[in-house]
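Asks: one predicted model, sequence on top.
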Amino acid sequence: MDRRRAVGLILVVIAAAGFSSGTILSKPIYATGLDWLQLLAWRFAIGAGLAWAWILISPTRRASIRRIRRRQAIAAALLGVWYTGNAGTYYAALETVPASLAGVLVYLYPAIVAVLSVRFATRLAGRRPWIALGIALVGVILTLGGIDLATPPPIAGIALVLASPVIYAGWIVLSARLAGERSDRLAHEANGLDQVDDAATASALMISATAVVFVAGALATGRQLGPDRIPGDAWPFLATIGFLGTFLSIQTFYAGSRRIGAAQAALVSTVEPLIIVTLAWLVLHDTLAPIQLVGAGLILVGVLAAQTAGRPASSGVSLPP
């Protein structure tokens with residue numbers, strides 16, 4: 001495995017761990033009396049502030065702002081608006097759909113990304129990654145396990161949770177194309193051709209646009225967002241989600257996807273349920289059922305099997321140093 005691919009895999013796993021923290025830490029935030037829209041508004045507002053601070057402290061990253069073209073900046077901002085659909089539908093669905101069922105349905109997105117990548121990004125190479133994807137998805141179902149459908153969820157809730165992976169898959173593919181990925185090349189092979197290769201700038205624009213939409217939505221619906229109206233007990237968790245689950249995770253996912261491709265990044269992201277149940281065991285003292293351990297093992301088998309496969313042939317574009 002070459003160094004660039006190894007770094008990409010590590011970045012995507014870090015992103016998965018960051019996103020997982022949001023799932024775990026949302027419970028103590030809700031316990032303080034905040035709702036999902038207040039949580040998301042502050043999550044992305046904090047994340048946006050951190051993203052711009054990260055840019056401003058570095059002359060190199062500040063220079064990247066001047067390099068981005070207007071059309072690319074608008075595209076990044078629109079992707080941030082797009083991302084609100086993913087987060088919004090999922091958190092709204094959780095009000096009526098069991099979390100375990102919602103989790104299984106949301107993890108349809110790696111398969112959707114793999115299919116979209118056949119036409120719009122770099123497809124998975126050969127049969128092995130597709131088989132590995134199937135193994136990993138079975139592992140997701142077993143890991144999240146314990147689906148209780150004694151009371152069938154409403155159709156509206158199911159529709160919302162099914163919309164989430166479709167929207168997220170679209171965001172992954174479109175953000176990969178913003179980075180320069182196409183069907184005949186990975187993003188890092190674009191070598192300056194119609195790409196935004198700086199994860200810090202692209203992520204800051206995306207997170208800021210997402211924050212604007214959620215803050216506006218919260219204010220328009222009468223939610224209290226003033227710092228003095230937020231319970232003191234919620235701030236440590238909000239700050240942690242803003243950093244780990246937003247600033248760090250979105251930047252590392254964008255940077256990792258640029259190195260290994262959208263389809264591979266989505267496949268590797270199936271480790272997220274494994275991280276979630278592990279964190280739930282460590283932080284919330286949840287008990288892991290045997291079937292969850294089997295599912296965790298299948299996820300690891302699927303992800304590792306995919307990384308032993310070859311990758312699509314290069315388009316012949318020279319790689320940057």
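Replies: Perfect, thanks for sending it.
Asks: lowest-confidence helix or strand of the chain?
Replies: Here the helix or strand of the chain ranked lowest by mean pLDDT, DSSP states H and E is helix 99-106, holding a mean of 72.
Asks: tell me the first helix or strand C-terminal of that one.
Replies: Beyond helix 99-106 on the C-terminal side, the first helix or strand identified by DSSP states H and E is helix 109-120.
Asks: okay, now residue 13: neighbour count?
Replies: By the criterion of other Cβ atoms under 10 Å, residue 13 has 18 neighbours. Every residue, glycine included, has its C-beta placed from N, CA and C.
Asks: who are the contact partners of it?
Replies: Counting by Cβ atoms under 8 Å, 6 or more residues apart in numbering, residue 13 makes contact with 268, 271.
Asks: likewise for the one 4 residues further on?
Replies: For residue 17, the contact set (Cβ under 8 Å, 6+ apart) comprises 244, 249, 272, 275.
Asks: what's the neighbour count on residue 218?
Replies: The number of residues near residue 218, taken as other Cβ under 10 Å, comes to 21.
Asks: what helix or strand is the residue lying closest to it once chain neighbours are set aside located in?
Replies: Closest residue to residue 218 apart from its sequence neighbours, by Cβ to Cβ, 6 or more residues apart in numbering: residue 41 at 4.3 Å. Following DSSP H and E, one finds residue 41 within helix 36-56.
Asks: does the residue nearest to residue 218 really touch residue 217, like I thought?
Replies: Yes - with contacts counted by Cβ atoms under 8 Å, residue 41 reaches residue 217, the gap being 7.4 Å.
Asks: how close does residue 219 sit to residue 207?
Replies: Per Cβ to Cβ, to the nearest Å, residue 219 is found 18 Å from residue 207.
Asks: kindly report the same for residue 275.
Replies: Residue 275 is 21 Å from residue 207, where distance means Cβ to Cβ.
Asks: tell me the secondary structure at residue 166.
Replies: helix (DSSP: H, G, I helix; E, B strand; the rest coil).
Asks: distance check, it against residue 112.
Replies: For residue 166 relative to residue 112 (Cβ to Cβ), the value is 6 Å.
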